[in-house]
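# test case, fold it:
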Amino acid sequence: MQQHLTIVKHPLVQHKLTLMREKDASTAVFRQLLREISQLLAYEVTHELPMTTRQIDTPMQKMDAPVLAGRKLALISILRAGNGLLDGMLELIPSARVGFVGLYRDEVTLQPVQYYFKVPDNLDKRMVIVVDPMLATGNSSAAAVDLLKQAGATDIRFLCLLATPEGVARMKESHPDVPIVTASLDKGLDEKGYILPGLGDAGDRMFGTK
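Residues are numbered from 1 along each chain as shown. Have a look, this model is predicted:
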């Protein structure tokens, strides 16, 4: 079992994250960097995928070669910002099944409100990777994992760009069995629940909205 929190310190991850944090980065640049960094983070979060072998013919001879075992893994995007991570990961794992959890944060209570839920079948037989760029208060993330467990998921990972101590603690309290993989543990939250120093609203920056 992985440790509860893994911070990916690879130089390319850290460099790309710095470029994304800069307020003057254009929407196109932000979106491209998010796709690139998601593939690097995917390498870390999938390193425990189960393996088996099958016989193949190389140009030289037959061999028993390693391949992924079991059902295709499931990538679950927490809408809408999760789609930025999802797109890059699907380039790396095109056979993955995909689901969506629609949650928005009430700006007064900071609590998650559900508006959509559609996930693949047989979640109990799949590794499930939940993607959302920001683990801020942790309320939406914990709620999404609650829904996935209710749908049968038992082997869950959470992948994000940025996390806060508050969000990590909230997830560990609610779901100590769900490892978190992130590019940075930032210092905390402002009074509105945004990550500091952070990179602003990931969804707005990715889609060019305000």
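
# tell me where this protein is predicted with low confidence.
Scanning the chain for pLDDT under 70 picks out the ranges 1-2, 110, 210.

# how far off centre is whichever helix or strand residue 147 is part of?
Residue 147 is part of helix 139-150, with elements assigned from DSSP states H and E. In terms of Cα atoms, centre = their mean, to the nearest Å, the centre of helix 139-150 is found 13 Å from the chain centre.

# sheet partners, orientation included, of whatever helix or strand comes next after that helix?
Next in sequence after helix 139-150, counting helices and strands by DSSP H and E, comes strand 155-163. When pairing is defined by DSSP bridges, strand 155-163 lines up against strand 127-131 (parallel), strand 134-135 (parallel), strand 180-185 (parallel).

# could you dump the longest one to PDB, C-alpha only?
Extracted in PDB, the C-alpha atoms of strand 180-185 (Å, rounded to 0.1, in the frame of the first residue of the first chain):
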ATOM      1  CA  ILE A 180      -3.000  11.000  -2.700                       C
ATOM      2  CA  VAL A 181      -0.500  11.900  -5.400                       C
ATOM      3  CA  THR A 182       0.200  15.600  -6.000                       C
ATOM      4  CA  ALA A 183       2.800  17.900  -7.500                       C
ATOM      5  CA  SER A 184       2.900  20.200  -4.500                       C
ATOM      6  CA  LEU A 185       1.700  20.600  -0.900                       C
END
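
# circling back to that earlier point, how about the helix holding residue 147: buried residues?
Within helix 139-150, the residues that qualify as buried are 139-145, 147-149, counting by 16 or more other Cβ atoms under 10 Å. Backbone N, C-alpha and C define where each C-beta goes, glycine included.

# then stretch 62-70?
Within stretch 62-70, judged by 16+ other Cβ under 10 Å, no residue is buried.

# tell me what the longest helix anywhere in the chain is packed against?
Longest helix in the chain by number of residues (criterion: DSSP state H): helix 27-45. Counting contacts by 3 or more Cβ pairs under 8 Å, 6 or more residues apart in numbering; DSSP states H and E, helix 27-45 is packed against helix 11-21, helix 82-92, strand 155-163, strand 180-185, helix 202-207.

# strands paired with whatever helix or strand comes next after that helix, and their directions?
Of the helices and strands lying after helix 27-45 in sequence (DSSP H and E), the nearest is strand 51-57. Using DSSP bridges, the strands paired with strand 51-57 are strand 62-68 (antiparallel).

# give me the angle between the helix or strand just after the partner strand and strand 155-163.
Toward the C-terminus, strand 62-68 is succeeded by strand 74-79 as the next helix or strand (DSSP H and E). If you take axes from the mean of the first three to the mean of the last three Cα atoms, to 10 degrees, strand 74-79 sits at 40 degrees to strand 155-163.

# now the longest helix of the chain: buried residues?
Buried residues in helix 27-45 (16+ other Cβ under 10 Å): 30-42, 44-45.

# then stretch 99-108?
Here stretch 99-108 shows 99-103, 105 as buried, counting by 16+ other Cβ under 10 Å.

# returning to that earlier point: would JSON lines of the helices and strands packed on helix 27-45 with mean neighbour count be doable?
As requested, the helices and strands packed on helix 27-45 are exported to JSON lines (neighbours: other Cβ atoms under 10 Å):
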{"stretch": "helix 11-21", "mean neighbour count": "16"}
{"stretch": "helix 82-92", "mean neighbour count": "21"}
{"stretch": "strand 155-163", "mean neighbour count": "25"}
{"stretch": "strand 180-185", "mean neighbour count": "23"}
{"stretch": "helix 202-207", "mean neighbour count": "19"}
